[in-house]
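Chemist: turn this into a model:
(chains A, B, C, D, E and F, ligands or ions: 8)
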Amino acid sequence: MIPEPWAPVVNAVIYLLLAPVVGGLIAGIDRKVTARMQGRVGPPLLQPFYDVGKLFEKENLVVTTTQNFYVLSYLVFMAVSGALFFSGGDMLLVIFAFTLSHIFLVLGAYASYSPYSHVGAERELIQIIAYEPMIIMTAVGMYMVTTSFYVGTIVQSAIPIVLYLPGVFIGYLIVLTIKLRKSPFDLSTSHHAHQELVKGVTTDFAGPNLAKLEIAHWYEYVFLLGVVYLFFAWNPLLAIAAIIIAYFLEILIDNTTSRVKWQMTLRSAWLVAGTLGIINLGVLYYLRMVVVP
Amino acid sequence: MQIVQLLIYLILFPLIAAVFLLFAKKSVERSWIVKISALAIGVVSLYLLVAGFDKGLITYTISGRIFDLAMLVIELVIAVYLLWLGLRHRKYSVVILVLIQAALLLWFEATYGHTIVELPNNLFFDQFSIIMALIIGIIGSLICVYALGYMETYHEHHKDIADRRGMFFFWMFVFLSAMFGLVFSNNLMWILFFWEITTFCSFILIGYSQTAEATNNAFLALAMNMLGGVAFVAALIYITTIDPSGRLLDLGALINSGYAVAIVPAVLICFAGLTKAAQMPFSSWLVGAMVAPTPVSALLHSSTMVKAGVYIIVRFAPVLTGTTEGMMIAMVGGVTFLLTSCMAISQSNAKKVLAYSTIANLGLVVACAGVGTYNLMWVAILLIIFHAIAKSLLFLCVGTVEHRIGSRDIEDMGGLIERMPKLAIMMFIGMAGMFLAPFGMIISKWAAIEAFIQAPFGLIFIIILAFGGSATLFFWSKWMGKIISVMRHQENLESSIKSEKWTVLWILTGLVVVVALIFPLISSALIEPFIMQIYGHTTRLAEANITIMLLMMGLLIIMPFSMLFQSKTPKMAPPYMGGMTTEGGMRYTGSAGVSRNLVLSNYYLRNYFGEERLFMPGTLACWGLILIAFIMVVGVVL
Amino acid sequence: MTKQIIVPFGPQHPVLPEPIHLDLVLEDERVVDAIPSIGYIHRGFEKLVEKREFTEYVYIAERTCGICSFIHGATYCQGIEQIMNIEVPERADYLRTIWSEYSRLHSHLLWLGCFADSFGFENLFMAAWRIRERILDVFEQTTGGRVIQGSCKIGGVRRDIANDKLTGMSRDLDSIQKEIEELTTVFLNDDTVRHRTRNIGVLSRDDAYHLGAVGPTARGSGVAIDLRKTGYGAYDRLNVPVITDSCGDCYSRCYVRCKELFTSIDLIQQAITEIPDGPIDVKVTGSPNGEYFMRAEQPRGELVHYLKGNGTKFLVRSRIRTPTLTNIPPLVKMLQGCELADVPVIVLSIDPCISCTER
Amino acid sequence: MKQEQSIIPIDVGQLIGSVEQCRNEGYRLAQIGCTKVGDNSFEVNYSFDKDYVLRNLRITVTAETEVPSITGMYWGAFVYENEMHDLFGIQVKGINIDFKGTFIQTAIKYPFGVTVTKGEKP
Amino acid sequence: MTYLAKSPWIVHYDGSSCNGCDIEVLAALTPIYDVERFGIVNTGNPKHADIFLVTGSVNEKNREIVKNTYDQMPEPKVVVAIGICAATGGIFRECYNVMGGIDKVIPVDVYVPGCAARPESIIDGVVQALGILEAKRKAMNENAGAAAKPAGDAR
Amino acid sequence: MGFFEMTKTALKTVLSRPVTILYPYQPAKKTSLTRGHVVQDGSKCISCSICVKKCPSQAILLNKEAKTWQIDRFRCVVCNSCVDTCPTRCLSMDTQYTAPASVQGVEVFTITYVKPPKPEKKEETKE
Ligand code: SF4
Ligand code: SF4
Ligand code: SF4
Ligand code: SF4
Ligand code: SF4
Ligand code: SF4
Ligand code: SF4
Ligand code: SF4
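Modeler: Ligands and ions are numbered 1, 2, ... in the order given. I've put the predicted structure just below:
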């Protein structure tokens, strides 16, 4: 399964080093494109890096020192889950580590006992439960197509996964919308001001802590888009194109919808998971279990 | 020492201790008896592990005609007592059930009493029994020790409740004895006997406070468990009608006798298991049982007695594998898991949350056992272990907190990290054990997904797991969030907690972590041989993944130390309040000049996940599934 | 057993560019209680009438609010003119009307933007404000100020608009109208927008009337009050349709404002066609003696300037009752039982202008 | 063009009755406003509108007079009545939502209770 | 290399302004002016902000709010008073409830005159504030290097 | 279909040029009427004080002895009132707004106007 013993480790290290750069660039492009969609010039491409640099220059203002711990854990486990993913690890394990990191974020928000963080944390949790089933189904779907949970194996499979998993792919795009904190699902925090929750989960983080959150987001972007890659893994060029298109689509959706409420988020995410996801997997399952043997 | 002696010792010793406790009037005496017996039981269970883990299945013969008789007598005495109680409290459903069961038993004894030959193997023992024995022996005795302190405070708080602690500990130890009996018995008649004893203990202990609510809930639990009991008796009758010699009353023999013979009793007994494990149509009794003192909830209603329900289903899993009946039972478990996980979201009573979570996890075990492939069995057993430890820790933590803050409502546990830091950390670990990687339950969930995907119709369960799992995530996280939120100006309430409680809590906390660390060892030493012996092949987790899990665990353990290396003391500021001035941390002057305290409660989403919404559909669905299973069985009979 | 969350909503809050405070009491996200608290902007400038001559007070009246500054100025002037029985030249009336309607355009566009922002539709906010800049350009070209125009005075207006400029404005409006059409389609037809506005903050017709709702808040509930119908300024010579809708929810209020954008454009076009040539002001002598309740239709509804003079240069009382003040009781009713996420939407749906509310 | 309006002076005692009559005739409350007209003497105008006709009930009170609240008939009147109290110091009895002097907080109490002439600071 | 000047995040509070200046602040965010070109983001949250934009004057009720908001901003931070109301109380200076400019409550670093201040003017003001922000950062670092002074005494 | 009503607009905008004025690299929007700041021509001021009286925010201070006319730009609401009322038209409105500053201050203009010798009117202007 693992050809050269060091390849996974190398991949993981490359991810750990490069993902923030790539993620930051993605964020920069995102802001630029968004601005253009609004008829604005927008910030410089490297703006996200300036922002994070700036935040590290600032004072670390906290409500409670435990926040630092949660934020650091969030960052570390986000990096770990991404590194696991890029080293070809078990998808399920990656997902669990991913969830773990988010729980730390939520806990960080809870820790401050502030009304806005608190509501943000609750909403973040609602978001997590909204996308979690779909993300597990994504892993399961990949397994059904490639008979492996290992990213390393999936990525080497010559099967055009997306053709087998169209429903799951659409479901995953919804997960992506939620995870990229894009409208209509930017419930718990948003990149824009003017939200009823101020900044939701991130309200009571400042300076370096906020910077760490931002870096964690970058790690997250790269990981999430890495999953998109898996769907098209049989053709790397196509996969890159798919990532670009998918991301552009996300920006477009962000710019053409209003934020929905949590009920709607939960309902639509579960509905998609419960219909498209299940039907897609069901058909596959049927084919695999009943037709093939 | 011979293993059989250990088994008998484990069954009888608690009984003896119980009798002593009944007569110990002073609390010092009681305290010593409990502690010493707990130690003795714990040590012997451990010794059993050392002595027996490599032995495989062993059976023993206890020449037991006299036992049988004694059992019958005790059962009848209990029946009479219950009849009397039932009539007194006008619980006619109980009366009817008692009558039916007693009638069936008597008729059974009359008809087959003479035809049944003495079974060669009354007692048996394999790795699964060791696991169960360890849970009962270690966790059970820890809880008993904990109960010493707990009951003392309990009676200080509730002056109106009659202090019947002697009786309390008596039944606790009787229960331990019955549990050991249950897991060591190979004779179905014996199993039934111990089964009924646990039901009875549970009934008595739920009703401990003798309030109206407690009594009602005790009767509810009794009625539902008796329903299972009736099914159990029916199974025995069916078995003996097939083979009047009663050779099939041997558990092992029955299981090995094949689908045609075993499926009917299997379904009946599994039905009994469902009632005991509080699966969906019967889930309400366990929720109601939360009125019992917390050690009871921890012992009977999460880590052991309800586990007897799934224990028996796991035992019968080989019969169920691949059958529609098995599928139906698994579905009951699945539906229960999904719905009770969701319902837990809507609860703010900590014990109810724990109860729902318990039901959910038992549901998962049932689902695994019902489908019954070898890797699912592996998962089922793993689940039983992890759940027992983490859940008993949580129950005991909640009990302790309740005594300090006078409430078992999660909303009142805000800022526990400030008020009771150590306890909060324990609860944190306990909860992490329930739903976070890389702790126990998530390992099981992971393995379950990987196992289900290879099982027939496993997809259904994966989907259930995906949705139910996320619901689990929600209610645990928000509770966790509650206890770790830092509200300033809180005083520490921890100092008055007794040292014996601390010991128990620390041990359990340690167990949660340690077992997650050494589970590969447990798996290879106990679970895998057991599965191997039944199925001929077994599961193993990939090495690489285990390493990664261990690394994550290591990280998790190190992370908190990062707090020691904060370079500068950061500047503190009050939370963002829209610019409002807060005094003393959490007060502010709001509209109309009213001074308000900041209150932050969790979400309960009652409109979506409330009991009112989900209970009925779940009950109907599960009755439907059970009915299908029964219809199939009737088909077999005819 | 209730599990409540208390959220001190505002006064410093990004969704509220102007400070008010709400003590939100939530269960999950459902608002069970929303008690407003105002007074963060109270300056007390009504009392400045005792220190400023009534002619200078125009500048203060204009600064009641930066959004429909012009209408405040004009209403004040008209009130004084009524007391002093000044007949304003017709061209001045028309110019006032044209500027008033531009104010309404600018205000409604601004509101649409803020409203879009309240439900997290940033692009729509940007789009609305993009169009709004074109209106502000007209203001700057004709009055020299973007938001505080300062072009009204007692007895007329301070600046004329050349006729060819008027034709240019008319042409410009045609293209603005197209952009507005595109914009309002999104507000009225987009599903995600409708999800956030339909059946949210419902105000029944009865409540709207008796709680004193005015402007689009009232008209969205089917109460046809539009003070332009009283015919001040040049409105008596123009055709003013009153837009109403009967649902009484946020969508209806949005609908009314969207449609009013078109009526405003239409009114300006009418006025530009009909405007007569002539002087733009008359000379004012003497001081006001008497009292008058001058009422006008602001973008947010009925505005009352109560003015009382005693024959000196200093008024006895200027009492400004602004639409938002009277829309607060309906707002309190609307907020009951909504969701947290709806709070900003509902609050904005009355188009609150706190600065004028508190003066 | 003059807008139709009338001012009807009434006694404090008649207030409730007259307001009730307005309500019954289908008037809506347009505003309540005070004016200081002399030392410790205030005019309070209750303005009602129906079909663009403004009817003003006027009572003249002192700061000590207890004015009954009309929130029983017009629920929304509380904003004006609180304002009346906070800015003028007029006591209003029985407001449904009584902010108890915190509706509008001012640096000086009842600022409109005093008259200032040009130049001097209040 | 300083990032502070490249990523000034703002929080805006409306003291007791007439809205004129507020909407101009908002307008500065919109396409025609687009202050995001300079990396300026309207965070709406003092804890994330570097620059505090205040419009309007301070009065009885909002001076606490202004102060709290300022206090919740992490150092280094600057205050820009927008419009003459925020500078001196402006045309409302003499009102009984107006205490005067923002500097009555918190230290102001840049005053942007105008009534209402034009968006261009606001941009100029913010740009000018960036220099001060940078100077404050230097001072802060030196302070931190020199002696562990209690935080928040930059005033 | 009510979904994605905005899509067309968004796509159109993304393909067209941004409307942003690149201030300060491009000049600010301005018109000939734009009210920027008041300037005084000291050579024409007759120290009549009308502007002082008519200024609604009392931004102007006239010191007849020192012969200075000063304006506080942090008080001036740029309302044009003084410009409108000045009898000698020595005040005018420049279209350039006042620059932001870190310290407030007043701007002082010296009055250089010398009264043309018209002996009879001398005393009255002083009042
Ligand atoms: S904490 Fe409350 S419920 Fe628990 S024992 Fe004490 S009084 Fe009873
Ligand atoms: S409501 Fe008042 S302040 Fe607001 S825009 Fe209208 S007139 Fe101006
Ligand atoms: S009913 Fe309401 S939520 Fe549903 S589509 Fe229509 S407007 Fe949207
Ligand atoms: S006319 Fe009004 S009330 Fe009727 S459906 Fe349309 S919006 Fe609703
Ligand atoms: S609603 Fe009020 S604060 Fe918001 S933009 Fe409009 S006028 Fe400004
Ligand atoms: S400076 Fe002028 S425009 Fe700005 S808030 Fe003050 S009065 Fe309004
Ligand atoms: S422009 Fe207006 S405020 Fe400024 S000095 Fe002249 S009169 Fe005064
Ligand atoms: S500037 Fe004009 S108005 Fe002012 S004092 Fe000089 S001449 Fe008179």
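Chemist: now do the contacts for C:Ala208.
Modeler: By C-beta atoms under 8 Å, 6 or more residues apart in numbering or on different chains, the contact set of C:Ala208 is C:Thr217, C:Ala218, C:Gly220, C:Ser221, C:Gly222, C:Val223, C:Gly248, C:Pro330. C-beta: built from backbone N, CA, C; applies to glycine.
Chemist: correct me, but the last one touches C:Asp207?
Modeler: Yes - under the contact definition of C-beta atoms under 8 Å, C:Pro330 touches C:Asp207, with a separation of 6.5 Å.
Chemist: more neighbours: which of those two?
Modeler: Neighbours were counted for C:Pro330 and for C:Asp207 using other C-beta atoms under 10 Å in any protein chain shown; C:Pro330 has more, 27 against 20.
Chemist: do you know how far A:Ala273 is from B:Ile463?
Modeler: 8 Å (C-beta to C-beta, to the nearest Å).
Chemist: residue ranges with poor pLDDT in the chain?
Modeler: If you meant another chain, say so; for now it's chain A. A:1-5, A:190-194, A:289-293 (pLDDT under 70).
Chemist: let's do chain F instead
Modeler: Scanning chain F for pLDDT under 70 picks out F:1-5, F:117-127.
Chemist: what about B:Glu156, how many neighbours?
Modeler: For B:Glu156, using other C-beta under 10 Å, the count is 9.
Chemist: what score does it have for pLDDT?
Modeler: In this model, B:Glu156 is scored at 83, pLDDT.
Chemist: the one 4 residues further on now?
Modeler: In this model, B:Asp160 is scored at 81, pLDDT.
Chemist: now it: phi and psi?
Modeler: Torsion angles at B:Asp160 (phi, psi; degrees, to the nearest 10) stand at phi -80, psi -10.
Chemist: okay, now it: neighbour count?
Modeler: Count around B:Asp160 with other C-beta under 10 Å applied: 9.
Chemist: try B:Ile429
Modeler: By other C-beta under 10 Å, 23 other residues sit near B:Ile429.
Chemist: then B:Gln454?
Modeler: Around B:Gln454 sit 12 other residues, with neighbours defined as other C-beta under 10 Å.
Chemist: the strand or helix carrying C:Val7 close to chain A?
Modeler: Using DSSP states H and E, C:Val7 falls within strand C:4-9. Yes - legend: contact between strand C:4-9 and chain A by C-beta under 8 Å from any C-beta of the partner chain is shown at C:Ile5, C:Ile6, C:Val7, C:Pro8.
Chemist: what is in contact with C:Pro330 and C:Asp207 at once?
Modeler: Listed as contacting both C:Pro330 and C:Asp207 by C-beta under 8 Å, 6+ apart are C:Ala213.
Chemist: quick check: neighbours shared by A:Ala273 and B:Ile463?
Modeler: Here A:Ala273 and B:Ile463 have A:Pro133, A:Met137 as joint contacts, going by C-beta under 8 Å, 6+ apart.
Chemist: out of those two, which sits in the more crowded spot?
Modeler: A:Ala273 (29 against 23).
Chemist: neighbours of the nearest residue to the more buried one once chain neighbours are set aside, just the number please.
Modeler: In space, and not counting its chain neighbours, A:Ala273 is closest to A:Met134: 4.2 Å by C-beta to C-beta, 6 or more residues apart in numbering or on different chains. Neighbourhood size, A:Met134 [other C-beta under 10 Å]: 27.
Chemist: the helix or strand containing A:Met134 packs against which elements?
Modeler: For A:Met134, the element it lies in under DSSP H and E is helix A:115-146. Under the contact criterion of 3 or more C-beta pairs under 8 Å, 6 or more residues apart in numbering or on different chains; DSSP states H and E, helix A:115-146 touches helix A:91-111, helix A:151-156, helix A:161-164, helix A:166-179, helix A:262-272, helix A:278-286, helix B:458-484, strand C:4-9.
Chemist: so for ligand 1, which of those sits nearest?
Modeler: helix B:458-484 (16.8 Å; C-beta to the nearest ligand atom).
Chemist: relative to helix A:278-286, how tilted is that closest one?
Modeler: Per axes from the mean of the first three to the mean of the last three C-alpha atoms, to 10 degrees, the angle that helix B:458-484 makes with helix A:278-286 is 130 degrees.
Chemist: what's the next secondary structure element after helix B:458-484?
Modeler: helix B:499-522.
Chemist: quick one: average pLDDT of the helix or strand that that following helix is followed by?
Modeler: Past helix B:499-522, further along toward the C-terminus, the next helix or strand under DSSP H and E is helix B:528-535. Across helix B:528-535, pLDDT averages out at 81.
Chemist: quick one, helix B:528-535 and helix B:499-522 angle?
Modeler: 60 degrees.
Chemist: CA atoms only for helix B:528-535, dumped as CSV, please.
Modeler: Extracted C-alpha coordinates of helix B:528-535, given in CSV (Å, rounded to 0.1, in the frame of the first residue of the first chain):
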residue,chain,number,x,y,z
GLU,B,528,-9.7,-11.1,18.3
PRO,B,529,-9.3,-14.6,19.8
PHE,B,530,-13.0,-14.6,20.8
ILE,B,531,-14.0,-13.6,17.3
MET,B,532,-11.6,-16.0,15.8
GLN,B,533,-13.0,-18.8,17.8
ILE,B,534,-16.6,-18.1,16.5
TYR,B,535,-16.0,-17.0,12.9
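Chemist: for the residue in chain F that ligand 5 sits nearest to, give me its contacts.
Modeler: For chain F, the residue closest to ligand 5 is F:Val77, as judged by C-beta to the nearest ligand atom, at 19.0 Å. Each residue near F:Val77 by C-beta under 8 Å, 6+ apart is listed here: C:Tyr59, C:Arg63, C:Ile148, E:Ile84, E:Gly90, E:Ile91, E:Cys115, F:Pro56, F:Ser57, F:Ala59.
Chemist: distance from the chain centre to the helix or strand harbouring the first one, please.
Modeler: To tie it back to what came earlier, the one meant is C:Tyr59. Per DSSP H and E: C:Tyr59 is located in helix C:57-62. Helix C:57-62 sits 17 Å away from the centroid of its parent chain (C-alpha atoms, centre = their mean, to the nearest Å).
Chemist: touching that helix from outside, list them.
Modeler: For helix C:57-62, using C-beta under 8 Å, 6+ apart, the contacting residues are C:45, C:48-49, C:52, C:69-70, C:72-73, C:75-77, C:148-150, C:152-154, C:305, C:315, C:318, C:320, E:91-92, F:56-57, F:77, F:79, F:81.
Chemist: near chain B, which residues of the stretch 1-150 of chain C show up?
Modeler: With the criterion set to C-beta under 8 Å from any C-beta, the stretch 1-150 of chain C comes near chain B through C:1, C:3-6, C:8-13, C:19, C:21-23, C:27-29, C:35-37.
Chemist: please repeat the previous calculation with a cut-off of 6 Å.
Modeler: Residues of the stretch 1-150 of chain C lying close to chain B (C-beta under 6 Å from any C-beta of the partner chain) are C:3-6, C:8, C:10-13, C:23, C:28, C:35, C:37.
Chemist: coming back round to it: turn the helices and strands packed on helix A:115-146 into a markdown table, including distance to E:Lys136.
Modeler: Below are the helices and strands packed on helix A:115-146 laid out as a markdown table (distance: least, C-beta to C-beta, whole Å):
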| stretch | distance to E:Lys136 |
| --- | --- |
| helix A:91-111 | 28 |
| helix A:151-156 | 47 |
| helix A:161-164 | 53 |
| helix A:166-179 | 37 |
| helix A:262-272 | 40 |
| helix A:278-286 | 57 |
| helix B:458-484 | 35 |
| strand C:4-9 | 30 |
